[in-house]
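Participant: Build me a model:
(2 chains)
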2 protein chains.
Amino acid sequence: MSRPSEDEIIQRYFAPLAGPAALGLLDDAAAFAPPPGDLVVTKDMLCAGVHFFADDPPGAIARKALRVNLSDLAAKGAAPLGFLLGLALPDDWTPDWLAAFAAGLAEDAAVYQCPLFGGDTVKSPGALTLSITALGSVPKGTRLIRANAAANDFLYLSGTIGDAALGLLLRGLPVPVWSHGLGAESQVFLRERYLLPQPRLGLRAALLGCADAAMDISDGLAGDLAKMLQASGLTAQIAVADLPLSAAAREALAQEPDLIETLLSGGDDYEILAAVAPGKAAAFEQAAGAAGIPVRRIGRAQAGADPAVFRAADGRPLFLKSFSYRHF
Amino acid sequence: MSRPSEDEIIQRYFAPLAGPAALGLLDDAAAFAPPPGDLVVTKDMLCAGVHFFADDPPGAIARKALRVNLSDLAAKGAAPLGFLLGLALPDDWTPDWLAAFAAGLAEDAAVYQCPLFGGDTVKSPGALTLSITALGSVPKGTRLIRANAAANDFLYLSGTIGDAALGLLLRGLPVPVWSHGLGAESQVFLRERYLLPQPRLGLRAALLGCADAAMDISDGLAGDLAKMLQASGLTAQIAVADLPLSAAAREALAQEPDLIETLLSGGDDYEILAAVAPGKAAAFEQAAGAAGIPVRRIGRAQAGADPAVFRAADGRPLFLKSFSYRHF
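Facilitator: Prediction:
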């Protein structure tokens, strides 16, 4: 099989994604004049068999890798400037696979106006491994952090949570019993939510204008909420009934009530958790609505050092076996 | 074996390396006000078994990963601002390994004044894989590129070339025959040159003040020189006798003359190739000397589209089987 060299890979597949800063990816490094304000930088690493399935569509793998980084930028109120791609290809890669990977990446780079600045393509002795570094920009001093939530702030979640975790379970074998009672459309929806997160960059104006603190939910709501509250020296009581669940997640939950654990502690949501002062809540909701992004008030931050408590419909506290996806 | 969680890893091993922009690595992303001028960004990916040996000292692995990125910044005339680390750890990692890795990284982050901005630590289903993204800064519009060499420019090389490629051969089995005639000190020197590149950040003033074009030599002098000349629409004749070789490399070459191929096309030099106009050559040499970095004039760029030719001591052209390290 004839496969292109590294230089050919760069020119054929990746140069079309490059912005002017990258000089057609022909140099060692990209250079650009950053916009006025602060630079926001983030990096995520994804491995086949851990963060995605090796046989996922290559375009979806590429888009997920970019989107999880864009989700970090979104949570900080940053507008994307561009990204760098590290790609370690296993021995059995094919030009077709790489073409589809690059096409998916090109699509999202265009949609999110986030050009490729550069990167590195190497041979992996093991599984496909991807690393993306994304750069973004915020007006000086406005970058949101997770540790700045205040007592009495309303806690908001964008979109719906738990879908991706259910989608991941649907990929497992044996097929979970509860999936037998789940409509085909719901199954597709949940699988899609795992495959392709939606970075909430549209929330930028709402967050920058109104939020005290924000983060993206990537390792499970329970654990990530605990991180924000702990970092801010606060606690909260969350009624499970107030959580935003998709129709598909509700359908699954009706089949198997124990899935509440998965919904609360599963990863890969890539929704935004924001803490908003009561006086700015109306403006926050309005700005999010104007951006077409649903946000739901899930509770209120309170003074106190206890961990957040989730309460079932009958008011009893829920004891979770795990708070979040454990990377190790 | 009890191993720390991802959060504990971050706090115990990596937070001490973080600059103020990173908020103690407790947030999704770092943010900072970049200095005036242009931002330079670069990213390299390294896999165990491909770019280093899995049993190399962990501190050396970390330092090499950072240094190859710093070498890219050096070649562009950029001063380091900070870096992001992606780390995919194989199943059998130990806290001791990680502590030594972080200690090596901390040492170089301090030496090169390049704090950690953030990153991601994940589980690798295969080999240890590392990705570092480095950010640097140059005065506006001064970033050096490789495509800007001009006819008649002198071509300069920093340091010596081929040492790392010989050092890599010394790591192979069976032990190469020529190594039997090589002194112990030379062997250590060559191995060390493979293990730990020296990013030529000290050349910054010389490059920014005097060079038309620059790049770092990472995939072999022959191939990388060809890239610069081709990008600039030029050619060159290089007398092998003019190349800067270390005493150890000369010793090896005396044992085995065919090693000239390895010296010219082996990778991992991380020296700087610069094209300097004749009128600035004296100033370039002086500035490099002031920085304590040896530079050697290896030839002159000429008009013409032919590939560069290396000539042996008797003036005959050298035909290389390969021009550079092939990543695929």
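
Participant: tally of neighbours for the closest residue to chain B within the stretch 1-150 of chain A?
Facilitator: Proximity of the stretch 1-150 of chain A to chain B (Cβ to the nearest Cβ) peaks at A:Gly126, 1.7 Å away. The C-beta positions use only the backbone N, C-alpha and C, and glycine is treated the same way. Per other Cβ atoms under 10 Å in any protein chain shown, the neighbour tally for A:Gly126 reads 22.

Participant: So for the helix or strand of chain A with the lowest mean pLDDT, what gets flagged as buried?
Facilitator: Ranked by mean pLDDT, DSSP states H and E, the weakest helix or strand in chain A is helix A:6-9, scoring a mean of 85. By neighbour count on 16 or more other Cβ atoms under 10 Å in any protein chain shown, the buried set for helix A:6-9 is A:Glu6, A:Asp7, A:Ile9.

Participant: Do any residues in that helix lie close to chain B?
Facilitator: Yes: under the criterion of Cβ under 8 Å from any Cβ of the partner chain, helix A:6-9 makes contact with chain B via A:Glu6, A:Ile9.

Participant: Can you name the next helix or strand after that helix?
Facilitator: Once the chain leaves helix A:6-9, the next helix or strand it forms, by DSSP states H and E, is strand A:30-32.

Participant: elements contacting that next one?
Facilitator: Contact partners of strand A:30-32 among helices and strands, from 3 or more Cβ pairs under 8 Å, 6 or more residues apart in numbering or on different chains; DSSP states H and E: strand A:79-89, strand A:116-123, strand B:38-47.

Participant: What pairs with that strand, parallel or antiparallel?
Facilitator: Using DSSP bridges, the strands paired with strand A:30-32 in its sheet are strand B:38-47 (antiparallel).

Participant: Chain B contacts on the stretch 151-300 of chain A?
Facilitator: Residues of the stretch 151-300 of chain A lying near chain B (Cβ under 8 Å from any Cβ): A:Met215, A:Asp216, A:Ala231.

Participant: Does the last one lie in a helix or a strand, and which?
Facilitator: Using DSSP H and E, A:Ala231 sits in helix A:221-232.

Participant: show me what contacts A:Gly202?
Facilitator: A:Ala291, A:Gly292, A:Ile293 (Cβ atoms under 8 Å, 6 or more residues apart in numbering or on different chains).

Participant: My guess is the first one contacts A:Ala205. True?
Facilitator: Yes: A:Ala291 is within contact range of A:Ala205, at 6.8 Å (criterion: Cβ atoms under 8 Å).

Participant: Compare neighbour counts for these two and give me the winner.
Facilitator: A:Ala291 (17 against 14).

Participant: A:Asp27 versus that one, what's the distance?
Facilitator: 37 Å (Cβ to Cβ, to the nearest Å).

Participant: just A:Ser218 next, same as before
Facilitator: 33 Å.

Participant: quick one: contacts for A:Ala88?
Facilitator: Neighbours of A:Ala88 in contact, by Cβ under 8 Å, 6+ apart: A:Val122, A:Lys123, A:Ser124, A:Leu128, A:Thr129, A:Leu130, B:Met45, B:Cys47, B:Thr129.

Participant: who does the last one bridge with?
Facilitator: Bridge pairing for B:Thr129 (DSSP bridges) gives the partners B:Cys47, B:Ala88.

Participant: Can you pull out the residues in contact with stretch A:180-199?
Facilitator: With contact meaning Cβ under 8 Å, 6+ apart, stretch A:180-199 is reached by A:52, A:56-57, A:60, A:63-64, A:67-68, A:70-71, A:73-74, A:112, A:159, A:163-168, A:170-171, A:179, A:246-249, A:251-252, A:255, A:268-270.

Participant: again, 6 Å this time
Facilitator: A:60, A:67, A:70-71, A:74, A:163-164, A:166-168, A:170, A:248, A:251-252, A:255, A:268, A:270 (Cβ atoms under 6 Å, 6 or more residues apart in numbering or on different chains).

Participant: Could you tell me which residues within it count as buried?
Facilitator: A:182, A:186-187, A:189-191, A:193-199.

Participant: Also stretch A:153-167?
Facilitator: Across stretch A:153-167, burial judged by 16+ other Cβ under 10 Å covers A:153-167.

Participant: Can you pull out the residues in contact with stretch A:292-303?
Facilitator: Taking Cβ under 6 Å, 6+ apart as the rule, stretch A:292-303 contacts A:149, A:151, A:153-158, A:200, A:202-203, A:234-236, A:238, A:242-244, A:275, A:288.

Participant: Out of those residues, which sit inside helices?
Facilitator: Of the positions in these, A:Ala288 sit in helices, assigned by DSSP state H.

Participant: what's the offset of the least confident helix or strand of chain A from the middle of its chain?
Facilitator: 30 Å (Cα atoms, centre = their mean, to the nearest Å).

Participant: The residue lying closest to A:Lys321 once chain neighbours are set aside and A:Ile298: what is the separation?
Facilitator: Closest residue to A:Lys321 in three dimensions, ignoring its sequence neighbours and counting by Cβ to Cβ, 6 or more residues apart in numbering or on different chains: A:Glu261, at 6.3 Å. Distance from A:Glu261 to A:Ile298, counting by Cβ to Cβ: 17 Å.
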